[in-house]
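any chance you can model this:
(4 chains)
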There are 4 protein chains.
Amino acid sequence: MNYNKIAGQNIQRIDAISDGVFAVAMTLLVLDIKVPIADAIRTEAELAEAFFALMPKFLVYFLSFMTVGIFWTGQSTQSKYIERSNRKLNWITLLFLLFVSLLPFSTAFLSEHITFKFAVGIYWLNILLLGVTLYINWRYAYKNNFVTIADDQKESVDSAISKRIIIAQTLYAAGAMFCFISPYLSIGIIIAIQINYAFGIISNRKEKK
Amino acid sequence: MNYNKIAGQNIQRIDAISDGVFAVAMTLLVLDIKVPIADAIRTEAELAEAFFALMPKFLVYFLSFMTVGIFWTGQSTQSKYIERSNRKLNWITLLFLLFVSLLPFSTAFLSEHITFKFAVGIYWLNILLLGVTLYINWRYAYKNNFVTIADDQKESVDSAISKRIIIAQTLYAAGAMFCFISPYLSIGIIIAIQINYAFGIISNRKEKK
Amino acid sequence: MNYNKIAGQNIQRIDAISDGVFAVAMTLLVLDIKVPIADAIRTEAELAEAFFALMPKFLVYFLSFMTVGIFWTGQSTQSKYIERSNRKLNWITLLFLLFVSLLPFSTAFLSEHITFKFAVGIYWLNILLLGVTLYINWRYAYKNNFVTIADDQKESVDSAISKRIIIAQTLYAAGAMFCFISPYLSIGIIIAIQINYAFGIISNRKEKK
Amino acid sequence: MNYNKIAGQNIQRIDAISDGVFAVAMTLLVLDIKVPIADAIRTEAELAEAFFALMPKFLVYFLSFMTVGIFWTGQSTQSKYIERSNRKLNWITLLFLLFVSLLPFSTAFLSEHITFKFAVGIYWLNILLLGVTLYINWRYAYKNNFVTIADDQKESVDSAISKRIIIAQTLYAAGAMFCFISPYLSIGIIIAIQINYAFGIISNRKEKK
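Numbering: from 1, shown residues only, chains lettered A, B, ... in the order given. You can find the predicted model right below:
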C-alpha cells in the first residue's frame, strides 16, 4: 500500500489544527501593541495622550482581526460541507494556514510602516495568497467529491462559495491600488470592504428587496 | 444562492475558535510578569525581595485570569443552549473574541500604570465591551430561535442569563467609579465582585434560605 | 431560575479550554531558551560552546515539560470519568488552569536563579498548588456524583486517583526539602520522581511480580 | 487498582493536546521574523530592501512550517487508526510533542546561524528525534493492538507507515550530511525532500505508471 493513499484523511484533526492556528494568530496580533512604559508617564493627561497615540496600532489590529475573522469564517463555511480529505487537500489546507500564520508579521509590518505603499502591498499580497489557497481548497474538494451537499443545492452552493472569493479578492485588489494615491486611503477602503463583508450591509439590502 | 445564507453556521468551529482564543489569552497574560534578572541578585533575601516586588503584577494577573474565566464561563454557559448559528451570530461571537484578545493589552496597561484612573477606566471599558457583546450574542441567538431549551424552562433560562450580565455590568461600573477615590480601591472592589461571581458566596446563601 | 444553577455545565468546553491552556503552556516554555546572537559567534566551536552553555536551560525546560505533562495526564485521566459539571467544578478547574498558566513563569524564575533555594521553593509551591487543586477537583466531582464509573470499580478508581496525588505530592515535598543541601540535588530528585511517574519504572516492576 | 492501569487512556484529549501544541508551534515560528524598525527607513526603496533582507528568515520559516506540517500529517494519519491508549502510549506522544515544541528554538537557532554546520546538525537532530518518537508511537500502538484496521489491510497499513518514516529519515540524514560541503546546499536538499513528501511528486509519477 502506498502511504500517500492513507495520509491526510483525518478531517477532524484538519479542523482542529485550523482552529488552533487561527486562534493563536488572532491573539498574537495584540502583542504588537506595546504598553507605554511607566517611567515616561507622570500625569493622567500624559497617560491618555500615550494611549491615544496607539490608535494607529489599534486601527491595524482591528483591520487584522477582521482579516483573520473573514478567512476563518470562509474556511469554516467550506469545511461544513467537506467531509472527506486526502493528502493533497491536507496540504492545501496547511498552505492556507501558513499564510494565516504569516498575518501577525504582515500586520506588524504594516503597523510599523503605515505610510509606505510597499507595506500596504505586502499586506495585500498576504490577503491575496489567503484567497488563492482558500479558493483552491474549495475547488479541489468539490471536484474530487469530498463534499456532502444535497444534490439540488450542490451547484448553487459551489457557485456562491467560488463567487464570494473572486469578488472579494477583486475588491481587495482594487482597494490596494489606492495606495498609489494614499496608503491611509487604501487601508480605509480595505476596512470598508471588510466591514461590508462582516456585517453584510449591501447584501442585506438586496435580500430585503 | 446568496453566500451570506450559508456562511457562519459551523457551530462546532465557533466553539473551538472561542476556546482557542480564550486559552491563548489566559496564558499570554503571564508573559507580562517579567522574571527578575540574575545579575542584580546576589542573596536569597534579595531574590525573595525581587519576587515579592512582583506582587502587584500577580494581583493584576489574578484579576485578569478571573475576568477571562468569568467571560469564558458566561459564553460556555450560553453556548450549551445555542445549537444553530448564522453569519451574523458568527460575527457577533468574533467581535466578542476581539475584546477577549485585547485583554492581555488592557491587563498589561493596568499593570504598568496601576496608580492611574485612566488605566482603570480602559480596563473597565474592556469588561464593558465584553459584557455588551456577550449580551447581544445571547439576545440575538434567543430571538432568532437558535437555542434549544425545553419549553417550560425557556423564559427562565433567558431571564437568568440576561439578568446576570446586566447586574454584573452594573456592579463593575459602580466598582470602576471608585477609581475617582483610589485606583487600588477600585481594583479591590472589582476583584471582590468577581470572587463573589466565581465562588457564588452571596447567591449560595440565598439558595440555602 | 438562579443563573448559578445553569452555569459551568459545559463539560466538552471545560476539556477544550484545558487542552488549550496546557498546549500553550507547553509551547511557551521554549521561549525562555534564548538563541545565542550571531554577532558573538565566529567559529563552529564557538557556536557549539554557546549551545552547550544553554544546557541548564534545556534541563529546566525538560523538567517543566514533564511537570506540565504529568498534570495534563492526571487531569485527562480524571476527566475521562467526569461526565457532568456544575459552576463550582467549573471554577475549581479554572483555578487549576491558573496554576498551569503560571508554570512558564515559575520555570523561567527557576531557570534564571537555579542556584537559589528560594527559586526551587517557588517552583515547588506551583507544583503543590497544582496537586491541591487537582485533588479537590476529583474529590468534589466524585462526592457530587459527577463521575460515571461501573459500580464495582468505583471505589478502587477513586482510591487509585486520590492516593496517586497524595503520594506524588509527598515525594515532591521531600525532594524540594533537599534544596537546603543543594538546589541542583533538589531539582535532580524532583526530575527522578517525575521520570519514575512518567515511565512507571518502579510500579512496572511491582506489576511483574 | 493500580493508577497506571487507568492513566493516559483519554485518546480524544491526546489528539486535542497534540493539535494545540502543533498549532502554537506553527504560529510561534513567525515571531522569529522581526519587523524592521521605522526609524531606519526613509524611502519605499529602503523598506523594500529591508524586507528582502528578511528572505533567509522567510526561507527558514517556510522550511520549519513544512517540517511541522509533515510531522503533523504523519501523526494525524497514525491517530486515525489508533483508537485506544494506555499510560505508556500517552507518554510516548508527550515525548513526541516535546520535540515539536522545541522546533521554534531549533528554527530560530538555524535562522540566526545559517552558515554553520553545527546549526544544521541541531536542526537535523530535532527532525531525527521527531521521527524516532513517531516511529515508536506507531510500533507500540500496533503491537499492543491499540489500532483498528480491517484485517486484510492491517499489514499493508503497518508497512506503509513504518517504511515512510524510515525512508524519510534516511533521506533527511543524507541531506544533513551535505552540510559538510555547504549548509545552504544541505538546507536546500532537505527542503527538496520535504516538498516531494508534501506534494508527492515522485510517488505520483509512480502511481500513474
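
mind checking which helix or strand whatever residue of chain A ends up closest to chain B is in?
Using Cβ to the nearest Cβ, the single residue of chain A nearest to chain B is residue A:23, 2.5 Å away. Any C-beta I mention is one placed from the backbone N, CA and C, and that applies to glycine too. Using DSSP states H and E, residue A:23 falls within helix A:11-28.

quick one: residue A:109 and residue B:97, what's the gap?
To residue B:97, residue A:109 is 23 Å away according to Cβ to Cβ, to the nearest Å.

typo on my end, residue A:139
According to Cβ to Cβ, residue A:139 and residue B:97 sit 29 Å apart.

one step back: ok, the closest residue to the residue of chain A closest to chain B other than its chain neighbours - contacts?
With Cβ to Cβ, 6 or more residues apart in numbering or on different chains as the measure, residue B:20 is the residue that lies nearest to residue A:23, at 2.5 Å, once sequence neighbours are left out. When contacts are counted by Cβ atoms under 8 Å, 6 or more residues apart in numbering or on different chains, residue B:20 is found next to A:19, A:20, A:22, A:23, A:24, C:20, D:23.

does the last one really touch residue C:24, like I thought?
This points to residue D:23. No. Taking contacts as Cβ atoms under 8 Å, residue D:23 lies outside contact range of residue C:24: 9.3 Å.

what residues are up against the residue of chain A closest to chain B?
With contact set as Cβ under 8 Å, 6+ apart, residue A:23 has these partners: B:17, B:19, B:20, B:21, B:23, B:24, C:20, D:23.

and with 7 Å instead?
Residue A:23 is in contact with B:17, B:20, B:21, B:24, counting by Cβ atoms under 7 Å, 6 or more residues apart in numbering or on different chains.

likewise for residue A:103?
Here residue A:103 is in contact with A:25, A:64, A:67, A:68, A:126 (criterion: Cβ under 7 Å, 6+ apart).

that one and residue C:197: what is the separation?
Per Cβ to Cβ, residue A:103 is found 40 Å from residue C:197.

kindly report the same for residue A:9.
Computed as Cβ to Cβ, the residue A:9 to residue C:197 distance reads 35 Å.

then residue A:37?
Here residue A:37 is placed at a distance of 43 Å from residue C:197 (Cβ to Cβ).

between these two, who's got more neighbours?
When residue A:37 and residue C:197 are compared on other Cβ atoms under 10 Å in any protein chain shown, the one with more neighbours turns out to be residue C:197, at 25 against 10.

so the more buried one touches residue C:71, yeah?
No. Contact status for residue C:197 versus residue C:71: not in contact, 10.6 Å apart, counting by Cβ atoms under 7 Å.

stretch A:62-76 near chain D anywhere?
No. Against chain D, stretch A:62-76 shows no contacts by Cβ under 7 Å from any Cβ of the partner chain, the least distance being 11.3 Å.

for the closest residue to residue A:81 other than its chain neighbours, list the residues it contacts.
Excluding the flanking residues, the one nearest residue A:81 by Cβ to Cβ, 6+ apart is residue A:147, at 4.5 Å. Applying Cβ under 7 Å, 6+ apart, one finds that residue A:147 lies in contact with A:81, A:82, A:83, A:141.

what about chain B: which of the contacts of residue A:103 touch it?
Restricting those to those within reach of chain B (Cβ under 7 Å from any Cβ) leaves nothing.

compare these and tell me which is most surrounded.
Counting neighbours by other Cβ under 10 Å, residue A:25 leads the contacts of residue A:103 with 29 neighbours.

buried ones in the helix or strand hosting residue A:59?
Element membership of residue A:59 [criterion: DSSP H and E] is helix A:55-81. For helix A:55-81, burial by neighbour count (16 or more other Cβ atoms under 10 Å in any protein chain shown) applies to A:57-81.

what do you get for stretch A:120-138?
A:120-124, A:126-127, A:129-131, A:133-138.

just the residues you listed now: which is nearest residue A:158?
If you rank the buried residues of stretch A:120-138 by distance to residue A:158 using Cβ to Cβ, residue A:138 comes first, at 7.9 Å.
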